[in-house]
Every structure is written in C-alpha cells, then in structure tokens.
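Novice: Need the 3D shape of this:
(chains A and B)
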Amino acid sequence: MPKVSLSHFEASIIFALLTSVVLGIVTKRNDRERMRYAVYCLVCFLGAIFGLSWLMYLGHG
Amino acid sequence: MAENHQPAPAGNWVAAVALAWIIPGGGHLLLKRPARGGLLAASVAAMFLLGLMMRGALFQPQSGDLLTMVIYCGGFIGNLMSGILYFLTVWLGYAQPDVAGHVHDYGTKFLVGAGLLNILAMVDAYEIATGRKD
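Specialist: Modelled structure (predicted):
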C-alpha cells in the first residue's frame, strides 16, 4: 500500500471535492441542478477553508 | 450524464439499500442509474483509499465514559458503512494501529468520511427505489 502524505490544505481540498460530488448527486433531482449544487457546495467549502484559515491567522496575532 | 429513468420495481428497496451498503454505488447500478452509481462509487472509494494510504486507523467499539463510547462506536459505525471496502481492509490485513501524527489523523477522518458519504448514497438509493425521486 503506497503511502500518501497530504498537507492539511490538500486534504481539505480533496475532502471538499469528493463531498461536493456526493452532495450534488444525492440532493437534487436533475443533472443540471446536481452540477450547480455540487459547484455551490465546493465554493462554500473553499470559502470556509480560506475564511477560517485567515481568521485563525489574523486571530493568532 | 443523461440517464434513461425507468420506474423502479416496487418493494425492492431492501435489496437496493443492502447492495448500496455492501458495494458503494451498487444500489444505483441495480436501479439502472449507472452514471450516478459510478460517481458515488468513485467518490467513496477515493476517500476510503486516500484514508488508507494516509495510514488512517479503523475504529473499534470501546466502552467507558460517554464521550469515548460516542467517538469509538460512532467511528466504528462510520467505518462499517463503507461496506466491502471496510471488510476487505480488515480481511486482507490493511487495518493499521492508531498512531500519533496529523496525516494519520486526516486519514482516520477520511475513512469515516467515506462511510458517511456511503450512508448518503444508501438513502438516495432508498428514495429512488421507493419512487420518491428519479
């Protein structure tokens, strides 16, 4: 079994991508809505990742 | 990704949900939704395999205080929901001990996350099989 060593950022991005795909598939009723919702979820995940990262960086002082 | 939606035969939701658990995406394949089934299978398998390759640990149920029980039993159920991926990992000896380290910790979360994504896929298979969605 090969070993993978991802950074927190890389792991977060991959998690966001895979989760967005599944959420898009299971929540909407046609392909167009699924695609839009998956992209929406991914943007929300990325926004949370970058937003919280900056918040922690600035809050750390 | 256009699919030919045919009405699902009534009463087969148990088979669809069981298959969706054992083989991620299998329920959708049984219900003639191959594109969605393939995407779900790829997503769940990718998350599980990445978790394994990051040397994540599989949970074993533990008793003790409430928090320990919730974390370890919940984690075990999350792992179990990955179906054949979990069983193959255990049977073939790829389960790894819990060790300290941030990458291992991400891996452990990925392994549980794969099971949680498969629960969503199982619920979707149930809704398709019962005719609540296409």
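
Novice: Let's test this: mean pLDDT of stretch B:81-98, rounded?
Specialist: The predicted model assigns stretch B:81-98 a mean pLDDT of 93.

Novice: chain center to that stretch: distance?
Specialist: Distance, stretch centre to chain centre, for stretch B:81-98: 12 Å (Cα atoms, centre = their mean, to the nearest Å).

Novice: Quickly check: it near chain A or not.
Specialist: Yes: on the criterion Cβ under 8 Å from any Cβ of the partner chain, stretch B:81-98 is in touch with chain A at residue B:94. No exception for glycine: its C-beta is placed from N, CA and C like everyone else's.

Novice: and chain A, which of its residues are near chain B?
Specialist: For chain A, the residues in contact with chain B (Cβ under 8 Å from any Cβ) are A:1-6, A:8, A:11, A:14-15, A:18-19, A:21-23, A:25-26, A:29-31.

Novice: Can you say which of these are buried?
Specialist: Neighbour counting with 16 or more other Cβ atoms under 10 Å in any protein chain shown marks A:4, A:6, A:11, A:14-15, A:18-19, A:21-23, A:25-26 as buried within these.

Novice: What is the burial count for residue 42?
Specialist: No chain in the question, so chain A it is. 18 (other Cβ atoms under 10 Å in any protein chain shown).

Novice: I was after chain B.
Specialist: When neighbours are defined as other Cβ under 10 Å, residue B:42 has 15 of them.

Novice: Looking at the buried ones among the residues of chain A next to chain B, which are in helices?
Specialist: A:11, A:14-15, A:18-19, A:21-23, A:25-26 (DSSP state H).

Novice: Ignoring the adjacent residues along the chain, who's closest to residue B:51?
Specialist: The spatial neighbour of residue B:51 that comes closest, neighbours along the chain excluded (Cβ to Cβ, 6 or more residues apart in numbering or on different chains), is residue B:110 at 3.2 Å.

Novice: separation between that neighbour and residue A:43?
Specialist: For residue B:110, the distance to residue A:43 (Cβ to Cβ, to the nearest Å) stands at 22 Å.

Novice: Show me where chain A dips below the pLDDT cut-off.
Specialist: By pLDDT under 70, the low-scoring segments of chain A are A:61.

Novice: Give the other helices and strands that the lengthiest helix in it contacts.
Specialist: Secondary structure of chain A per DSSP H: the longest helix is helix A:31-60. Under the contact criterion of 3 or more Cβ pairs under 8 Å, 6 or more residues apart in numbering or on different chains; DSSP states H and E, helix A:31-60 touches helix A:8-27.

Novice: and the helix it packs on with helix A:31-60, angle?
Specialist: Angle of helix A:8-27 versus helix A:31-60, following axes from the mean of the first three to the mean of the last three Cα atoms, to 10 degrees, is 150 degrees.

Novice: ok, residues contacting helix A:8-27?
Specialist: Here helix A:8-27 makes contact (Cβ atoms under 8 Å, 6 or more residues apart in numbering or on different chains) with A:6, A:34-39, A:41-42, A:45-46, A:49, B:36, B:39-40, B:43-44, B:46-47, B:50, B:54, B:102, B:106, B:109-110, B:113, B:117, B:120-121, B:123-124.
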